[in-house]
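Asker: sequence and predicted structure are below.
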Amino acid sequence: MALREILEFPDPRLRTEARPVEDFDASLAELVEDMFETMYEESGIGLAATQVNVHLRVLVMDTSEERNRPRAFINPEIVESDGTQVYEEGCLSVPGIYAKVERAEKVRVRAHHPDGSTFEVDLDGLEAVCVQHEMDHLAGKLFVDYLSPLKRQMVRKRLEKARRQGAVDARTPTAI
Ligand code: GNR
Ligand code: NI
């Protein structure tokens, strides 16, 4: 097990489109374990492989209060979606920035477990938000892409300034 470094906006590697997993092997299991460890260490509710610079269709999440409900999705697909909801999102790759995003209220996701077996699950509320946010990462997309270009530029400048000042500032929550 090991922590992995999380790429931050506007790193161009976050724009990479992930490839499907073909080998459900020990290196996949290790990637999933490392992603869980990194997600829990950073107090995130989800993490996409793209964020740790691995461009495979792998995401993990745990939206439970107790942080005891790990789920991994390999090669996820949304096979049905319904309704809309708006949620104020954050992202470990855009630290300290929060903005409202509209997404489907309910999704049915088909995916593989890390051992290769398939499953389908119905998600709603925050779990539906999270899986859609993570699947966007796998497509090279970030929640700030839903903002106007002017607001996205504000986000970029704020993160650049925070980094110059030693990253402390980036942790101050800012709603855009
Ligand atoms: O930890 C996270 N919280 C969160 C809150 C609202 C909507 C989406 C998320 S996902 C985010 C972790 C992350 O960046 N995953 O890619
Ligand atoms: Ni994110």
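Answerer: Received the coordinates, thanks. Please read these numbers as outputs of a predicted model, since none were measured by experiment. Residues are numbered from 1 along each chain as shown. Ligands and ions are numbered 1, 2, ... in the order given.

Asker: only C-alpha atoms from now on, for both contacts and neighbour counts.
Answerer: Will do.

Asker: please go through the chain and pick out the longest strand.
Answerer: Taking DSSP state E as the criterion, the chain has its longest strand at strand 71-82.

Asker: that one - contacts with which helices or strands?
Answerer: For strand 71-82, the elements it packs on are strand 58-61, strand 106-112, judged by 3 or more Cα pairs under 8 Å, 6 or more residues apart in numbering; DSSP states H and E.

Asker: of these, flag the one that's most buried.
Answerer: strand 58-61 (a mean of 25; mean count of other Cα atoms under 10 Å).

Asker: quick revisit: of all the helices and strands packed on strand 71-82, which lies closest to residue 15?
Answerer: strand 58-61 (15.4 Å; Cα to Cα).

Asker: what is the burial count for residue 149?
Answerer: 11 (other Cα atoms under 10 Å).

Asker: how near is it to residue 156?
Answerer: 10 Å (Cα to Cα, to the nearest Å).

Asker: same thing with residue 8?
Answerer: 10 Å.

Asker: could you do residue 123 as well?
Answerer: 32 Å.

Asker: fine by me, thanks again.
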